[in-house]
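*Asks:* this one's sequence-less:
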């Protein structure tokens, strides 16, 4: 017998049929209503079914109030607390008011024009003095046809744990994004220690009762000698008088160079070999020395 229903009506009727007749898994959630139906039966046969009226069923609000009463959370009070009734941490507020908010300048002109020009000047003098002692570069006449990289100052204010200013730090950074491949750099990849080796070292130290020491190399990237011939403009604000047409040819690495991490690693590697350490095969950042 052919159905008289249209295609969409037949599809809906089929969906209704399967939804009503196919067994479904029991839901893990229980209804909010916990009332019981009153059933009067004779010899297992259900003769009457009495359903309470909607007005007599416990509402969601009543259930929440019952839970609060039984759990002891409910508290009756006529006054609702607001912000002015809460205890104020006066010492903490005073400490915040004592801190002067200082922003980091983004350029040399902004630093020398700020209210902290003296502090920034001292920080830049310290940075230049470090490079002079480190012999990071030497001044040479400007070469013709060579790529001369620019630089910029990066200013950062260091804070103490209590939020007060610790010191003003200025760092000279070369604009490495102006480097040209094959001229200013070739290889830039530097190995990084694997976390498995670090975990193994700590596990051995704990098992063998070894002492573990940790140290930080200050200005590590500025210690390595570079192989390429890289030219850089004189630092902004520190152009030597009488040598305005000179530029810096780098002898050591500088922050911002693409090959700076690689230069530092191989400088460290040479020192470890000189101290008769052996580099691990599985991790080139791990070294071991046997007596």
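*Replies:* In hand now; what should we look at? On a predicted model such as this, the values are computed, not experimentally measured, just so you know.
*Asks:* from here on, contacts and neighbour counts on C-alpha atoms
*Replies:* OK.
*Asks:* now do the SS call for residue 216.
*Replies:* coil (DSSP: H, G, I helix; E, B strand; the rest coil).
*Asks:* quick check on it: phi, psi?
*Replies:* The main-chain torsion angles of residue 216 are listed as degrees, to the nearest 10 and equal phi -120, psi 130.
*Asks:* do you know how far it is from residue 163?
*Replies:* 24 Å (Cα to Cα, to the nearest Å).
*Asks:* and residue 275, by the same measure?
*Replies:* Plainly put, residue 275 is 42 Å away from residue 163 if you go by Cα to Cα.
*Asks:* more crowded one of these two?
*Replies:* Legend: neighbour count by other Cα atoms under 10 Å for residue 275 and residue 163, higher for residue 163 (14 against 10).
*Asks:* any idea of the pLDDT on the more buried one?
*Replies:* Residue 163 carries a pLDDT value of 81.
*Asks:* quick check: it vs residue 104, distance?
*Replies:* Look at residue 163 and residue 104: by Cα to Cα, they are 15 Å apart.
*Asks:* now do the phi/psi pair for the residue lying closest to residue 250 once chain neighbours are set aside.
*Replies:* Leaving out its chain neighbours, the residue that sits closest to residue 250 by Cα to Cα, 6 or more residues apart in numbering is residue 137, at 4.3 Å. Phi and psi for residue 137, reported as degrees, to the nearest 10, are phi -150, psi 170.
*Asks:* part of a helix, is residue 125?
*Replies:* Yes: applying three-state DSSP, one finds residue 125 inside a helix.
*Asks:* and for it, the neighbour number?
*Replies:* For residue 125, the tally of surrounding residues (other Cα under 10 Å) stands at 13.
*Asks:* quick one: pLDDT of it?
*Replies:* Residue 125 carries a pLDDT score of 95 in this model.
*Asks:* ok, the one 5 residues further on next?
*Replies:* With respect to pLDDT, residue 130 has a value of 93.
*Asks:* name the element it belongs to?
*Replies:* Following DSSP states H and E, the helix or strand that holds residue 130 is helix 117-134.
*Asks:* repeat for residue 285
*Replies:* Secondary structure here is read from DSSP H and E; on that basis residue 285 sits in neither a helix nor a strand.
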